[in-house]
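# just a sequence and a predicted model for now, questions to come.
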Amino acid sequence: MGAEDTGARIDIIASIVIERLEELILAMERAADQVAAGDDPEKVDVGRHQLYMLPDKDGNDPIVVCFWTSDDYFKLLSSAASDADVSLDDMVERSVQMPDVEFEDGLVTGGFDAWKGLSVDLKTGWMEDLLAAISSLLRSRGLFMNTDSEDDVVFYLPVERRRR
């Protein structure tokens, strides 16, 4: 698979993911707008989503936050990839390094010394590119995503940005 083909697939998958997140995005935007307008965060309509109002890092303005498990997020990515006729497993590049043959003096054939040096590398840089593409699309809507944790994916929307 070429780099252009991978890039096009990543863009398609990212677009599908954003479409599937649309209901969550709208709920977060509504919540941020209502809180920015002075409504009580307890009375904000969040639909079926579990949203939280947390203070920002400075303790000033609230941030609308939604936590997903990494498993749920990966299911979303897998489903979006499947709908784009892409298998996430097919996008993994595999590289096998065979050891050099070792010849001893006077031997016509060599051995591999118990397979020392055999390695298989899986390159999944495309996943970082996919996450970056999704993050970029979310940022264009004022939202942010944090995937640093192995257990959770965090979506957040600063309320103060909604006041401008």
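It's in. Residues are numbered from 1 along each chain as shown.

# residues touching residue 27, list them.
45, 46, 47, 49, 51 (CB atoms under 8 Å, 6 or more residues apart in numbering). Just so you know, the C-beta spots here come from the backbone N, C-alpha and C atoms, and that holds for glycine as well.

# any of those residues buried? List them.
Buried residues within these, counting neighbours by 16 or more other CB atoms under 10 Å: 46, 51.

# report the buried residues of the biggest helix by length in the chain.
As assigned by DSSP state H, the longest helix anywhere in the chain is helix 3-20. Neighbour counts over helix 3-20 (16+ other CB under 10 Å) mark 6, 9, 10, 12, 13, 14, 16, 17, 18 as buried.

# by how many degrees do the helix or strand just after it and helix 3-20 diverge?
Counting by DSSP states H and E, the next helix or strand C-terminal to helix 3-20 is helix 22-36. Orientation check (axes from the mean of the first three to the mean of the last three CA atoms, to 10 degrees): helix 22-36 against helix 3-20 gives 60 degrees.

# immediately after helix 22-36, which helix or strand?
strand 52-55.

# that next one pairs with which strands?
According to DSSP bridges, strand 52-55 forms sheet pairs with strand 62-69 (antiparallel).

# got a list of what the closest residue to residue 136 other than its chain neighbours touches?
Leaving aside its sequence neighbours, residue 136 sits nearest to residue 14 (CB to CB, 6 or more residues apart in numbering; 7.9 Å). For residue 14, the contacting residues are 130, 133, 134, 136, 137, by CB under 8 Å, 6+ apart.

# phi and psi next, for the most centrally placed residue in the chain.
With distances taken as CA atoms, centre = their mean, the residue of the chain nearest its centroid is residue 131 (3.6 Å). Main-chain torsions, residue 131, degrees, to the nearest 10: phi -60, psi -40.
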